[in-house]
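Visitor: Predicted model and sequence follow; I will ask about them next.
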Amino acid sequence: MAAAPPTPAVELEDIQGLVRFAFKRHTEAVFLLLRITDRAAARAWLARAAITDAVTRAPAPSTALQVALTSGGLRALGVGEDLIASFSPEFVEGMAGDPSRSRRLGDEGANDPTRWQWGNGERLPHVAVLLYALPGLLRGLQQTIEEQLRGGFEITGRLTTANLDGIEPFGFVDGISQPELDWSRQRPARDIAQSSYVTLSCLGEYLLGYPNEYGLYTPRPLLEPRCDAQGILPRAEDAPESCDLGRNGSYLVLRQLRQDVPGFWQAIDRYAGGVASRREQLASAMVGRKLDGQPLVELQSSPAPAGGNPQASLNAFDYRSDPQGLRCPLGAHIRRTNPRNADLPPGGDGIVSRLVRTLGFDSQAREQDLVASTRFHRLLRRGREYGVGVTPAQAVAGAGAGEDRGLHFICLGANIQRQFEFVQSAWLMSTKFDGMREESDPLLGNRLPVAAGMPADRFSMAQPNGPSQSLSGLPQFVTVLGGAYFFLPGIRALRFLSGTR
Ligand code: HEM
């Protein structure tokens, strides 16, 4: 029998670096939001922009530049409607393009897109240029790039960022848990019914043109070779007769999330009766980790070896040891955003046990959401904080009130609907997540009553002996100030798009 052909290597030189790197050493960053004012000049800039790729280099480049486009941006560049329609519907419609989407995402009330500073109507950017730099180098980079952009673009927004040393504005260590991308393509393309949670994740979950966790290629724009007369684009792996405009590209979700840090800590202080230790306990219960990143459930392995990723040791856990949420509440932010479920409810590896769980006959299975397997809903987070940091103690005392600080939330994924939108609506905003009622995400909920006036402003914590302890009347802590869906193309695809007519 002939040996299977080797799996084609990943073209790192065609992938924008942000998919592979978080640019953590590049502690300075700014995200420029642009509208195209002169199509020819804009195309000329996009055709030669020095995009940073995903190849590991020593030393690492001192600055990095990434480019992403909205569907409005593709249109402004002159890309034809037929081609635009072959991107995913969510991308084409846009984050703020449909009231039912806004409702599902929780973008109502204070989060309503009509109140956004950017991202809606005429304030929808065409292009986002993300600039990253080692300390001290951002100002010069930004000046150079802004100079280059003059003529082709109007800069409608500059999202500045702050280096808070890996701590998000509420005061918690962030960026600990991420999916691990299968860059060597070793993960079986069709790995059915996984019985335990793993962090290794198929490339096709984040990059178009590769198999995803279903063993399938996510729909994306495929072109007849005659549309690419210059032969810029690669052929599709699953359809070699077509040119793959999606390959090595990803969708990028950007949301500006304002965090009311004094409001958060003062509310928690009230619930805690002014007791500092209780305050920290309640805040940790809402997040699912302590301020220093320690998870509330027990870690499964010993600390990472010296020289390894120190944060990996804070990530070796799932929730099988805490099914009722006695240690980490079921509604905690990290439990909602990643319930760490496998394809089957927890149980033994034996064939009978698997069969019983697959068919949903055991009592536990009835309580679990079988479709909530997390490997189909992972997000690669790449956000940056903004604004001046205040400590929890300062915030309780009222410091920083009225100031704008928060998170420029960014996540990457090959399927906006199955990844970002699912997590945001079915897990974060849903008041029925995991059998709960009257509560949505304790950090992000908009607290608006749901149908029939049912409140959505609670946070409950199961207790070992007796009814859950419940906080009610939670205020809104996070407000959406803007957002948009972008396509982060492969570098060849960007060159192709800058020449399309
Ligand atoms: C201002 C808003 C937000 C704040 C303050 C916040 C804060 C945090 C913190 C402190 C962690 C724990 C650190 C870690 O495990 O890496 C975390 C984890 C996470 N957050 Fe958020 N977050 C925010 C918005 C969001 C949004 C909008 C989403 C998705 C739609 C999201 C998805 C996640 C995910 C997937 C994790 C990792 C969970 C895990 O794998 O255990 N977050 N967040």
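Guide: Great, that's in hand.

Visitor: Close to the ligand: what parts of the stretch 301-450 of the chain are there?
Guide: Proximity of the stretch 301-450 of the chain to the ligand is confined to 333-334, 337-338, 379, 406-407, 409, 420, 423-424, 428, 443-444 under the rule Cβ under 6 Å from any ligand atom. (Glycine included, C-beta is placed from N, CA and C.)

Visitor: Could you rerun that using 8 Å?
Guide: 311, 314-315, 333-335, 337-338, 340, 378-379, 381, 383, 406-407, 409, 411, 420, 423-424, 428, 443-444 (Cβ under 8 Å from any ligand atom).

Visitor: and what of the stretch 101-250 of the chain?
Guide: 168-170, 172-178.

Visitor: which among these gets closest to Cys243?
Guide: Gln178 (31.5 Å; Cβ to Cβ).

Visitor: Same question for stretch 260-270: list its buried residues.
Guide: Neighbour counts over stretch 260-270 (16 or more other Cβ atoms under 10 Å) mark 260-262, 264-269 as buried.

Visitor: what about dumping the CA coordinates of it to CSV?
Guide: Coordinates of each C-alpha in stretch 260-270 appear next as CSV, following Å, rounded to 0.1, in the frame of the first residue of the first chain:
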residue,chain,number,x,y,z
ASP,A,260,-15.6,50.7,35.3
VAL,A,261,-12.9,49.7,37.8
PRO,A,262,-14.0,51.8,40.8
GLY,A,263,-17.6,50.7,40.1
PHE,A,264,-16.5,47.1,40.2
TRP,A,265,-14.5,47.2,43.4
GLN,A,266,-16.9,49.5,45.2
ALA,A,267,-19.8,47.2,44.4
ILE,A,268,-17.9,44.2,45.6
ASP,A,269,-16.8,46.0,48.7
ARG,A,270,-20.5,46.6,49.5
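
Visitor: buried set for whatever helix or strand His408 lives in?
Guide: His408 is part of strand 406-413, with elements assigned from DSSP states H and E. Using 16+ other Cβ under 10 Å as the test for burial, strand 406-413 gives 406-413.

Visitor: what's the following helix or strand after it?
Guide: Following strand 406-413 in sequence, per DSSP H and E, is helix 422.

Visitor: residues in contact with stretch 51-68?
Guide: 12-21, 23, 25-26, 46, 49-50, 127-134, 137-138, 141, 145, 252, 486-489, 491, 494 (Cβ atoms under 8 Å, 6 or more residues apart in numbering).

Visitor: Now do the contacts for Ala451.
Guide: Contacts of Ala451 by Cβ under 8 Å, 6+ apart: none found.

Visitor: Ok, Arg247 next?
Guide: Contacts of Arg247 (Cβ under 8 Å, 6+ apart): 14, 207-210, 220, 233-234, 236-237, 490, 493.

Visitor: got the residues you listed as JSON lines, with neighbour count, distance to Gly435 and secondary structure columns?
Guide: Output for the contacts of Arg247, formatted as JSON lines (neighbours: other Cβ atoms under 10 Å; distance: Cβ to Cβ, whole Å; DSSP: H, G, I helix; E, B strand; the rest coil):
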{"residue": "Asp14", "neighbour count": "21", "distance to Gly435": "45", "secondary structure": "helix"}
{"residue": "Leu207", "neighbour count": "27", "distance to Gly435": "35", "secondary structure": "coil"}
{"residue": "Leu208", "neighbour count": "30", "distance to Gly435": "35", "secondary structure": "coil"}
{"residue": "Gly209", "neighbour count": "27", "distance to Gly435": "39", "secondary structure": "coil"}
{"residue": "Tyr210", "neighbour count": "24", "distance to Gly435": "36", "secondary structure": "coil"}
{"residue": "Arg220", "neighbour count": "19", "distance to Gly435": "36", "secondary structure": "coil"}
{"residue": "Leu233", "neighbour count": "23", "distance to Gly435": "47", "secondary structure": "coil"}
{"residue": "Pro234", "neighbour count": "20", "distance to Gly435": "46", "secondary structure": "coil"}
{"residue": "Ala236", "neighbour count": "20", "distance to Gly435": "42", "secondary structure": "coil"}
{"residue": "Glu237", "neighbour count": "15", "distance to Gly435": "41", "secondary structure": "coil"}
{"residue": "Gly490", "neighbour count": "28", "distance to Gly435": "42", "secondary structure": "coil"}
{"residue": "Ala493", "neighbour count": "26", "distance to Gly435": "43", "secondary structure": "helix"}
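
Visitor: Does Ala484 belong to a helix, a strand or coil?
Guide: strand (DSSP: H, G, I helix; E, B strand; the rest coil).

Visitor: Please indicate which of the contacts of stretch 51-68 are buried?
Guide: Buried by 16+ other Cβ under 10 Å: 14-21, 23, 26, 46, 49, 127-134, 138, 141, 145, 252, 486-489, 491, 494, out of the contacts of stretch 51-68.

Visitor: With adjacent residues omitted, what lies nearest to the spatially most central residue of the chain?
Guide: Nearest residue to the geometric centre of the chain (Cα atoms, centre = their mean): Cys411, 2.6 Å. Residue nearest to Cys411 in three dimensions, not counting chain neighbours: Leu379, with 4.1 Å by Cβ to Cβ, 6 or more residues apart in numbering.

Visitor: Just give the number of residues close to the one you found.
Guide: Using other Cβ atoms under 10 Å, Leu379 has 22 neighbouring residues.

Visitor: was I right about it contacting Gly413?
Guide: Yes - Leu379 lies in contact with Gly413 (Cβ atoms under 8 Å); the separation is 6.0 Å.

Visitor: and for the two, which residues touch both?
Guide: Joint contacts of Leu379 and Gly413 (Cβ under 8 Å, 6+ apart) are 419-420.

Visitor: so the residue nearest to the centre of the chain makes contact with Glu421?
Guide: No - taking Cβ under 8 Å as the definition, Cys411 is not a contact partner of Glu421, at 10.8 Å.

Visitor: what's the distance between Gly17 and the ligand?
Guide: Per Cβ to the nearest ligand atom, to the nearest Å, Gly17 is found 20 Å from the ligand.

Visitor: Got phi/psi on that residue?
Guide: phi -60, psi -30 (degrees, to the nearest 10).

Visitor: Just give the nearest non-adjacent residue to it, would you?
Guide: Nearest residue to Gly17, sequence neighbours excluded (Cβ to Cβ, 6+ apart): Thr52, at 4.3 Å.
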